[in-house]
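Asks: Whatever this is, show me its structure:
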Amino acid sequence: MEEIMKLEEAKRTVQEAISTALTEIAPQVLTAQKVMNLLEVPKNDRMGDFAFPAFQLAKNLHQAPQQIAQQILDQLDQTAFAKVQVQGPYLNFFLHREEVAATTLAEVIAAGADFGSSAQGQQKQVVIDMSSPNIAKPMSMGHLRSTVIGNSIAKILTKLDYQPVKINHLGDWGTQFGKLMVAYKKWGSEEDVKRDPINSLQKYYVKFHQLDQEHPELDDEAREWFKKLENGDQEATYLWRWFRKESLKAFTKVYDQLGVTFDSFKGEAFYNDKMSEITDLLEEKGLLQTSKGAEIVDLGPDLPPALIKKSDGATLYITRDLAAALYRQRTYHFAKALYVVGSEQSVHFEQLKAVLQKMGYDWAQDIEHIRFGLITSGGKKLSTRAGRVILLEDVLHDSVQLAQAQIDAKNPTLPDKETVAHAVGVGAVIFHDLKNNRTDNFDFQLEEVVRFEGETGPYVQYTHARAQSVLRKAATQVQEQSTIITVGESDWNIVKQLANFPEVITQAGAQREPSVIAKYALRLAKSFNHYYAHSKILVADEQLDYRLNLLKATTIVLKEALNLLGVQAPDEM
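Replies: Residues are numbered from 1 along each chain as shown. Alright, predicted model coming up:
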């Protein structure tokens with residue numbers, strides 16, 4: 001009997017067996033890769049572990065699918081499988097569960113946190129433009145998505161042997177600074193800003209926008225102040241540096257809570273002296289055109305023209321992004337450049353790639369816009385300008401307090417409760433964001449997020465802690481691995497999911513989609529809890545070591561899945 005070491009090897013064995021059988025009844029109809037692509041995983045274990053849909057061959061062979069499935073079965077070498085049977089138009093394969101379970105658990109336990117790693121990235125660098133809050137504005141829930149999606153993608157890519165470079169492209173330049181300077185000069189006080197910088201600056205900014213519709217002269221003053229800043233005016237530069245410094249202090253507090261770090265904080269201002277090269281290059285290549293006094297690059301019928309310079313000579317976002325892209329390629333020689341930015345900016349990034357391609361840069365095709373949907377509150381879009389904002393720091397504080405209250409109620413004697421409450425509260429907010437497909441919009445309700453039941457981060461964390469608790473109790477009972485393993489339905493489901501973890505990571509990396517990991521963690525936690533509820537684990541019999549290995553492997557994979565999302569996994573809760 002051929003030993004099947006891993007689930008992916010088992011799938012290959014199924015494909016090879018089918019391909020060999022097909023050479024007898026339908027040679028050259030399906031390639032090996034097509035057979036592999038057609039293989040399915042039945043939703044019900046009673047239908048086997050892999051299934052081949054024979055109706056795909058009906059058109060070629062002019063026979064009923066069930067008849068074709070039976071012919072394949074008649075030609076099949078079944079020695080590598082526990083059972084193979086025809087069920088309707090499907091040929092269903094049942095694996096030797098004990099072999100797969102033994103080898104899967106051994107592999108997970110031996111690899112530990114490295115289980116699921118691969119060398120596909122070959123240490124290539126991937127730059128990730130993420131988070132990017134605006135200076136002098138508080139970080140709101142609107143900043144959460146770019147931050148945690150980018151951070152999780154970086155962790156997933158690291159697992160796949162890429163070298164991510166996390167760049168916080170700070171919004172530290174632009175006409176909003178002119179508005180803020182006007183607001184500060186008119187209504188602000190140095191004392192207020194020193195005492196509570198971000199909230200004070202935010203209050204001034206909101207007031208500006210409340211009044212500028214009735215007083216359009218405010219916009220003229222704002223443009224004048226920003227022009228002063230661009231020209232190096234001493235007072236304007238002093239205010240800008242002060243606003244930036246205070247903002248970074250406030251941002252760092254939030255990033256520390258989220259456990260997010262960056263490799264670069266080079267924001268828009270860094271590219272002030274690098275944009276002239278872009279305009280020179282565009283001019284040299286004959287790409288710049290004048291339209292109504294502004295300078296543009298025509299991108300054809302499918303995209304609006306890229307506005308490079310306004311009629312007053314002021315630069316725009318795309319000018320800076322062109323300079324940033326060129327700088328990053330020269331600095332990091334990236335294999336990919338990912339921009340984790342909201343879906344509403346899709347056209348901007350299409351324009352960015354199109355201009356770079358027109359400039360002759362082949363690496364423009366390596367730029368990807370990692371789009372994401374909106375977080376709403378009560379069905380309404382969050383808006384800094386309108387003053388309708390939920391501060392991220394407040395949300396994290398409240399979520400930790402909710403976690404603390406539940407821990408006090410469920411496990412009041414838990415050691416180091418404050419640390420656990422922080423891991424659970426912050427983890428709940430991160431997990432709730434990442435369990436959603438990144439392109440979807442979702443409404444945020446804190447009470448639903450910090451729950452220990454349902455599809456939440458605390459549910460997965462609690463599952464991990466529960467398994468760890470059993471392992472601690474069993475510490476004196478662990479035996480040498482038994483040669484006798486009997487795999488039931490509920491533990492077989494866990495084994496298959498554990499074996500599938502490397503494929504899940506690869507899929508999440510390819511799709512730039514952390515929700516693939518989050519949904520997997522929820523499925524594994526649910527499967528484990530079903531097993532836990534229906535099994536007597538700490539029974540001193542010949543199966544004890546197998547059951548404990550199953551728990552140990554589950555804790556390893558759950559912890560690593562949470563880690564890839566940027567969520568901690570406490571051993572006790």
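
Asks: Tell me which stretches of the stretch 1-150 of the chain form strands.
Replies: Remark: strands assigned in the stretch 1-150 of the chain by DSSP state E, counting those that start in this stretch are 50-53, 83-87, 90-94, 125-129.

Asks: Turn those into CSV, columns for mean neighbour count.
Replies: Using the backbone N, CA and C atoms, a C-beta is placed for each residue, glycine as well. Below are those laid out as CSV (neighbours: other CB atoms under 10 Å):
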stretch, mean neighbour count
strand 50-53, 22
strand 83-87, 16
strand 90-94, 23
strand 125-129, 24
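
Asks: nearest to G360, of these?
Replies: Each of the strands of the stretch 1-150 of the chain was checked against G360 via CB to CB, and the shortest separation belongs to strand 125-129, namely 20.4 Å.

Asks: Mean pLDDT and distance to Q406 added to the strands of the stretch 1-150 of the chain, as CSV?
Replies: Written out in CSV, the entries for the strands of the stretch 1-150 of the chain read as follows (pLDDT from 0 to 100; distance: least, CB to CB, whole Å):
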stretch, mean pLDDT, distance to Q406
strand 50-53, 96, 42
strand 83-87, 96, 46
strand 90-94, 96, 43
strand 125-129, 98, 34
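
Asks: Dump those strands to CSV, plus distance to T319.
Replies: Supplementary listing: the strands of the stretch 1-150 of the chain in CSV, determined by distance: least, CB to CB, whole Å:
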stretch, distance to T319
strand 50-53, 53
strand 83-87, 62
strand 90-94, 58
strand 125-129, 16
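
Asks: Contacts only, for the residue lying closest to I18 once chain neighbours are set aside.
Replies: Distances taken as CB to CB, 6 or more residues apart in numbering place V35 nearest to I18, at 5.2 Å, with adjacent residues excluded. Taking CB atoms under 8 Å, 6 or more residues apart in numbering as the definition of contact, the neighbours of V35 are 15, 18-19, 22, 52.

Asks: From Q15, how far out is L299?
Replies: Noted for L299: a distance of 45 Å to Q15, by CB to CB, to the nearest Å.

Asks: cool, and Q33?
Replies: Computed as CB to CB, the Q33 to Q15 distance reads 9 Å.

Asks: quick one: which of these two has more around it?
Replies: Here Q33 and Q15 are set side by side on neighbour count (other CB atoms under 10 Å), and the busier one is Q15, at 20 against 10.

Asks: OK, contacts around the more buried one?
Replies: Going by CB under 8 Å, 6+ apart, Q15 touches 32, 35-36, 39.

Asks: switch to 10 Å and redo it
Replies: Taking CB atoms under 10 Å, 6 or more residues apart in numbering as the definition of contact, the neighbours of Q15 are 32-39, 50, 52.

Asks: Just these: which are in helices?
Replies: Using DSSP state H, the members of those that fall in helices are 32-38.

Asks: Just the buried ones from these?
Replies: Buried by 16 or more other CB atoms under 10 Å: 35-36, 38, out of the ones in helices among the contacts of Q15.

Asks: Tabulate those residues in JSON lines, adding columns for distance to V450 and pLDDT.
Replies: What follows is those, written out as JSON lines (distance: CB to CB, whole Å; pLDDT from 0 to 100):
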{"residue": "V35", "distance to V450": "47", "pLDDT": "95"}
{"residue": "M36", "distance to V450": "43", "pLDDT": "95"}
{"residue": "L38", "distance to V450": "43", "pLDDT": "95"}
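
Asks: of all the residues you listed, which comes closest to Q289?
Replies: M36 (51.0 Å).

Asks: Distance check, the closest residue to that closest one other than its chain neighbours against P27.
Replies: Nearest residue to M36, sequence neighbours excluded (CB to CB, 6+ apart): Q15, at 4.6 Å. Using CB to CB, Q15 is found at 16 Å from P27.

Asks: again, but for G509
Replies: Here G509 is placed at a distance of 37 Å from P27 (CB to CB).

Asks: Who has more neighbours out of those two?
Replies: Residue environment comparison for G509 versus P27 gives the larger neighbour count to G509, 23 against 8, counting by other CB under 10 Å.

Asks: can you tell me the helix or strand for that one?
Replies: helix 501-511 (DSSP states H and E).

Asks: So which elements touch that helix?
Replies: Contact analysis of helix 501-511 by 3 or more CB pairs under 10 Å, 6 or more residues apart in numbering; DSSP states H and E lists helix 7-25, helix 97-111, helix 144-159, helix 515-534, helix 544-565 as its packing neighbours.

Asks: Try it again at 6 Å.
Replies: In this structure, helix 501-511 packs against helix 144-159, helix 515-534, with contacts taken as 3 or more CB pairs under 6 Å, 6 or more residues apart in numbering; DSSP states H and E.

Asks: any chance of those in CSV, plus mean neighbour count and distance to S131?
Replies: Formatted as CSV, the entries for the helices and strands packed on helix 501-511 read as follows, by neighbours: other CB atoms under 10 Å; distance: least, CB to CB, whole Å:
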stretch, mean neighbour count, distance to S131
helix 144-159, 25, 4
helix 515-534, 20, 19
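
Asks: Let me have those helices in TSV, extended by distance to V567 and mean pLDDT.
Replies: Listed next are the helices and strands packed on helix 501-511 as TSV, based on distance: least, CB to CB, whole Å; pLDDT from 0 to 100:
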stretch	distance to V567	mean pLDDT
helix 144-159	9	98
helix 515-534	9	97
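
Asks: ok, the buried ones among the ones in helices among the contacts of Q15 vs A428, which is closest?
Replies: Using CB to CB, the shortest approach to A428 within these belongs to M36, at 39.1 Å.

Asks: got the contact list for R320?
Replies: Counting by CB atoms under 6 Å, 6 or more residues apart in numbering, R320 makes contact with 268, 271.

Asks: Please report how far it lies from Q257.
Replies: Using CB to CB, R320 is found at 29 Å from Q257.

Asks: do the same with Q401
Replies: Going from Q401 to Q257 by CB to CB gives 13 Å.

Asks: Give me the more crowded residue out of these two.
Replies: Neighbours of Q401 and Q257, each counted by other CB under 10 Å, are more numerous for Q257; the result is 17 against 13.

Asks: Could I get the pLDDT score of that one?
Replies: If you check Q257, the pLDDT there is 97.

Asks: Same check on V206?
Replies: According to the model, V206 carries a pLDDT of 86.

Asks: What of the one 4 residues further on?
Replies: On pLDDT, Q210 comes in at 89.

Asks: That one: neighbour count?
Replies: The criterion is other CB under 10 Å. On that basis, Q210 has 12 neighbouring residues.

Asks: Using the three-state scheme, assign it.
Replies: State at Q210, reduced to three classes by DSSP: H, G, I helix; E, B strand; the rest coil: helix.

Asks: What residues sit buried inside stretch 446-462?
Replies: Going by neighbour count (16+ other CB under 10 Å), the buried part of stretch 446-462 is 446, 449-452, 455-462.

Asks: one step back: same list, the helices and strands packed on helix 501-511, but as CSV with distance to G88 please.
Replies: Output for these, formatted as CSV (distance: least, CB to CB, whole Å):
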stretch, distance to G88
helix 144-159, 38
helix 515-534, 26
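
Asks: Just give me the residue right at the centre of this structure.
Replies: P514 (3.0 Å; CA atoms, centre = their mean).

Asks: and the gap between the spatially closest residue to T158 that is not a sequence neighbour and V426?
Replies: Sequence neighbours aside, P164 is the residue nearest to T158 in space, at 6.1 Å (criterion: CB to CB, 6+ apart). Using CB to CB, one gets 21 Å for the distance from P164 to V426.

Asks: which helix in the chain runs the most residues?
Replies: For the chain, the helix that runs over the most residues, judged by DSSP H, is helix 234-258.

Asks: quick one, that helix and helix 144-159 angle?
Replies: Using axes from the mean of the first three to the mean of the last three CA atoms, to 10 degrees, the interaxial angle of helix 234-258 with respect to helix 144-159 works out to 60 degrees.

Asks: Show me what stretch 263-279 is in contact with.
Replies: Counting contacts by CB under 6 Å, 6+ apart, the residues outside stretch 263-279 that touch it are 165-170, 172-173, 315, 319-320, 322-324.

Asks: Please work out the average pLDDT along that stretch.
Replies: The predicted model assigns stretch 263-279 a mean pLDDT of 94.
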